[in-house]
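Enquirer: Here's a sequence, model it:
(2 chains)
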Amino acid sequence: MFYRTPHILLFFLLLLSISTFAQSSKQNNQRTRILFLLDASGSMQSKWGTGNMETRWHSARNILTEMVDYLSQRKDVELALRVYGHQSMLTMKDCKDTQLEVGFSLNSMSYIKTRLQTLSPKGVTPIAYSLEKAAADFPDNKGRNIIILMTDGEESCGGDPCAVANALEEKNIVLKHFVIGIGVEASARQAFDCIGSYFQAQDPVALKNTLSLIVNKILVKTTAEVDLLDGESNPSETDVNMSFFNLPTGLRKYDFYHTLNVRGFPDTLFVDPVSEYDLLIHTLPPVRKENVALASEGHNIISVDAAQGSMEILLQGKTLNNNLNNKIKCLVRKKDSGEIVNVQDFNTTEKYLVGKYNLEILTLPPTYINDVDVSQYKTTKIELPTPGIANLVKKYEVYGGIFLVKEGRLQKIYEMNADAKNELIALSPGSYQLIYRPKFSKTMHNTKTVEFQIVSGESVSLNL
Amino acid sequence: MKLYRVRLFFKISLLYILCALLYFPASAQFANEYSPKFTRILFLVDGSGSMKEPMDGSTRFDLAKNLIAEYLDSLSRTSAKTETAVRVFGHQFHRSAANCQDSKLEVPFGKHTAASVKMRLDAITPQGWTAIAYSMEQAAKDFPEQADVTNAMVLITDGLETCGGNPCAIAELFQRKKIALKPFIIGLGIPADKQKAFDCVGKYYDVTTTSTFDAVMKTVVTQAMNPTTTQINLLNAFGKPTETDVEVSLHDSYSGALLYNFIHALNGAGLPDTLMLNPMAKYDVIVHSVPQVSKNGVELIAGTHNIIPVEVPQGSLKLAEAGLYKRATPLQCIIREKGKREILMVQDFGIAHKYLTGVYDLEILTLPMIKMQDVPMKQGVVKDITVESPGTLSITNSFGGIASIYVAGDGKMERVYEFKKLTSKEILLLQPGKYVMVTRLNDKKSSVFTRTDNFEISSGTITALRL
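Expert: Predicted coordinates:
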């Protein structure tokens, strides 16, 4: 037992050093910017909560103030405040009533607290327009730009907040939108769902909890690992790139080459938990895992079935002409879908997901090998004899081709290049017929047929 | 000095042409082409009971007898290289005996048979059954086995098979074994609705008089004695016989034996060559265009010039790479007929090939692969497909590692290539475009050290990445 200790220590040290690096590169460099978009429309004056003691506006203002206090301890967070509906009375229907009250800066937190005290709710709810304006509130898109929208009603200015929010995420201006519905009916959910992650707060306590929950999700350090499972559900598959696509935008956020750590387990990744992801594991063929959500706290394990085996394709025998041999490619198709998974060169080994494949090999004539089984940890060997070479030496230009006799019928497998002087053709071992006629001849009676044999790794000269 | 060289060149060229002519003697026909020396005609005469019925002032049998006799008489006065024979059926046993093997070669093949035929037929009284199939089967053996003879059989009957045999099957046997031309049937008073039964046996003629019989015999002799010539017209999309220079093979439809193969040609007048084919056989014609076109079960009309039209409308496909980059191994393109799995052709870049008109799917083996679907090939049109020439990606690094190259965008990330073990210098040809390379170097072997490089490749230039 005790002799193991040093190893374990070493491992922890290593893990520590890796995570320190990762934080410095992925998290510290990335400043988190939160823009609070606060509803100050007329309806925020309504009273709510137990006994209808205070207005929605007062609750929101106080809870937000507390949150700003809490966040002021964080050096990696910047805040800003945008408010809508607070400048014009409801009767004016001012759909451009939105204002960045406090912009992102180092001292923004104290400004936000004082500014909140001076505002009062009045007007309409131009959510879409406010989001549009909010795009310019972020100084750049290098940080984690997040908008938390707190509203007690749906868009009332005819805008499409969902379209605007999606556009901002697609343009990489905003990483994620969160929406808190203040005392909103449950039926309003649909209207907000498409803007971002939606939370409903029915009373002041719920509002406070919801806001903490969201902020925690934004700030917590989340770790993850991807387990690439073999056929026995062990996470032993590795050395394959994995792309993480941000949802719903589909933007590629991370690429990680899957690596096993010194203990032989998948190593730790640092992935932003505010988003959901589609995972694309670049095996042959690729494996997709959709809608991967990460829990904010703790270590997430994402399991993906990626059992693989290998296929080795070999030419056996003496090589006469490398350039001709290099033309022999192998198209690997999935048996069920027929889709081309890979074009493999000869004398190479490639990994494929376990399963059945059909091969089309560009020998002359083409070689078809169906139902090739790739199984876990095994290497399926495909061996073909090296081709022989027919060296056509022409006295004159000719029309014609090389034929194979199949079931008593001639089958053309190669058409001669009527303009070429000489031709070198790599052919699979077997017997062939060369049928040709001089280009200058005006009668088919000058057709000649020559039978010839091709032996693997040997060359045959045919004088035409 | 200059003049001398030109002359020398001229002399050498002339020498070449002479050699070529010697090498390819202008033979008029293939060694195994069909050239019959003479003709044999067998008369198969119905001697069944119904032949006693009156017709044209005498009986049907007498009419048949006289027609044959007169014809043989006239034949004996010509120098035609013809032998004739007579087989009769249904004449030896009475109806009541129901003898279905009542068939006899009364006069075997000979040059001057008129007298003996007359004598034999005079002695016959029609009385029995109509065993046509059996008689034809026997008649097949009456023809001596000889290769350079055209055989013909003339069946003279007044009724259908009554012995349950299948004359059609025997007629097919004639063709299969090249025993004789398709039988000529002379019907004596057979009702129109029953004449159809002979359609599969051979050519039916309704004969009532001597003059119509003479006309039929003229046809028989013409077909049997005149040379049968054949030409194969390869038609373009507009039905014009202008396609040529493609391999054609001819098979015996029945045995499948390959009889001739040649590369189609048009002479100076734009006409295809003439082939002498045995008219007693049936042929399968395969034109080895890409894809090939077959025409099966082609029958010839003997004694005439036959034209076998085969539709092989073609266009060509020319594949080229722009720019001056020269590959050691030519770029390849896989060509498939639309919707078909089989590889039709793997065409190298830099040359043109002909294809039947139609729609094809192409896979060009560049990195990444270029797939082109529904590429149309039109009559006489050269479809030019030019792909951009590749650029070179050069990667240098000191640590080794693993790296893969992708085409990225719009939520997709498609793997183009993977270096399983990066060496210190890697070179890769890629089509122009934007790529992403994802690398994990061996000095920092952990997922979080995965690096991503965006790079662009342009034609004919080198993009260098230092990792």
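Enquirer: how about the residues of the stretch 251-400 of chain A that lie near chain B?
Expert: For the stretch 251-400 of chain A, the residues in contact with chain B (Cβ under 8 Å from any Cβ of the partner chain) are A:251-252, A:255-259, A:261, A:266-270, A:278, A:280, A:282, A:284, A:286, A:323-324, A:326-327, A:329, A:331, A:338, A:340, A:343, A:360, A:362, A:364, A:366, A:395-396, A:399-400. No exception for glycine: its C-beta is placed from N, CA and C like everyone else's.
Enquirer: and B:Glu137, what does it touch?
Expert: If a contact means Cβ atoms under 8 Å, 6 or more residues apart in numbering or on different chains, then B:Glu137 has B:170, B:173 as its contacts.
Enquirer: And what about it, helix, strand or coil?
Expert: In three-state terms, and counting by DSSP: H, G, I helix; E, B strand; the rest coil, B:Glu137 is helix.
Enquirer: Roughly how far does it sit from chain A?
Expert: 28 Å (Cβ to the nearest Cβ, to the nearest Å).
Enquirer: and A:Glu132, helix, strand or coil?
Expert: Per three-state DSSP, the local secondary structure of A:Glu132 is helix.
Enquirer: Look up how far chain B lies from it.
Expert: Distance, A:Glu132 to chain B, using Cβ to the nearest Cβ: 24 Å.
Enquirer: And what about the closest residue to that residue other than its chain neighbours, helix, strand or coil?
Expert: Counting by Cβ to Cβ, 6 or more residues apart in numbering or on different chains, A:Val164 is the residue found nearest to A:Glu132 once chain neighbours are left out, at 5.3 Å. The three-state label for A:Val164, taken from three-state DSSP, comes out as helix.
Enquirer: cool, and A:Leu207?
Expert: For A:Leu207, the assignment made with three-state DSSP gives helix.
Enquirer: I'd assumed A:Ala60 was in contact with it.
Expert: Yes - assessed by Cβ atoms under 8 Å, A:Leu207 is found in contact with A:Ala60 at 6.8 Å.
Enquirer: The worst-scoring helix or strand of chain A on mean pLDDT: what's the following helix or strand?
Expert: Lowest on mean pLDDT, DSSP states H and E among the helices and strands of chain A sits helix A:5-22, with a mean of 42. Using DSSP states H and E, the helix or strand that follows helix A:5-22 towards the C-terminus is strand A:32-39.
Enquirer: list the contacts for the closest residue to A:Val271 other than its chain neighbours?
Expert: With Cβ to Cβ, 6+ apart as the criterion, A:Val271 has its nearest non-adjacent residue at 4.9 Å, and that residue is A:Ala224. Listed by Cβ under 8 Å, 6+ apart, the contact partners of A:Ala224 are A:268-271, A:294, A:299-302.
Enquirer: Look up phi and psi at A:Ala224.
Expert: phi -150, psi 160 (degrees, to the nearest 10).
Enquirer: Which neighbouring elements make contact with the helix or strand containing B:Val436?
Expert: The secondary structure element spanning B:Val436 is strand B:433-441 (assigned by DSSP H and E). In terms of contacts (3 or more Cβ pairs under 8 Å, 6 or more residues apart in numbering or on different chains; DSSP states H and E), strand B:433-441 is packed against strand A:252-257, strand B:401-409, strand B:451-457.
Enquirer: so how far is B:Ala269 from the residue nearest to B:Gln332 when sequence neighbours are not counted?
Expert: Nearest non-adjacent residue to B:Gln332, counting by Cβ to Cβ, 6+ apart: B:Leu365, 4.9 Å away. When distances are taken as Cβ to Cβ, to the nearest Å, B:Leu365 and B:Ala269 turn out to be 44 Å apart.
Enquirer: Which one of the two is surrounded by more residues?
Expert: Per other Cβ atoms under 10 Å in any protein chain shown, whichever of B:Leu365 and B:Ala269 has more neighbours is B:Leu365, with 18 against 6.
Enquirer: does that one really touch B:Cys333, like I thought?
Expert: Yes - the pair B:Leu365 and B:Cys333 passes the contact test of Cβ under 8 Å, sitting 7.1 Å apart.
Enquirer: In contact with the residue nearest the centre of chain B, which residues are there?
Expert: Centre of chain B computed as the mean C-alpha position; nearest residue by Cα atoms, centre = their mean is B:Val285, 0.7 Å away. With Cβ under 8 Å, 6+ apart as the criterion, the residues that contact B:Val285 are B:232, B:248-251, B:294-296, B:298, B:308, B:310.
Enquirer: ranking those by neighbours, who comes first?
Expert: Top of the contacts of B:Val285 by neighbour number is B:Val248, holding 28 neighbours under the definition other Cβ under 10 Å.
Enquirer: ok, and what's touching whichever strand or helix holds it?
Expert: Secondary structure assignment for B:Val248, by DSSP H and E: strand B:247-252. In this structure, residues lying in contact with strand B:247-252 by Cβ under 8 Å, 6+ apart are A:400-401, A:403, A:408-410, A:412, A:435, A:444, B:232, B:257-264, B:275, B:277, B:281-288.
Enquirer: Show me the shaky parts of the chain.
Expert: Going with chain A. Low-confidence segments of chain A, defined by pLDDT under 70, are located at A:1-29.
Enquirer: Hmm, no, I was thinking of chain B.
Expert: Filtered on pLDDT under 70, chain B yields the residue ranges B:1-29, B:31, B:79.
Enquirer: Appreciated, that's everything.
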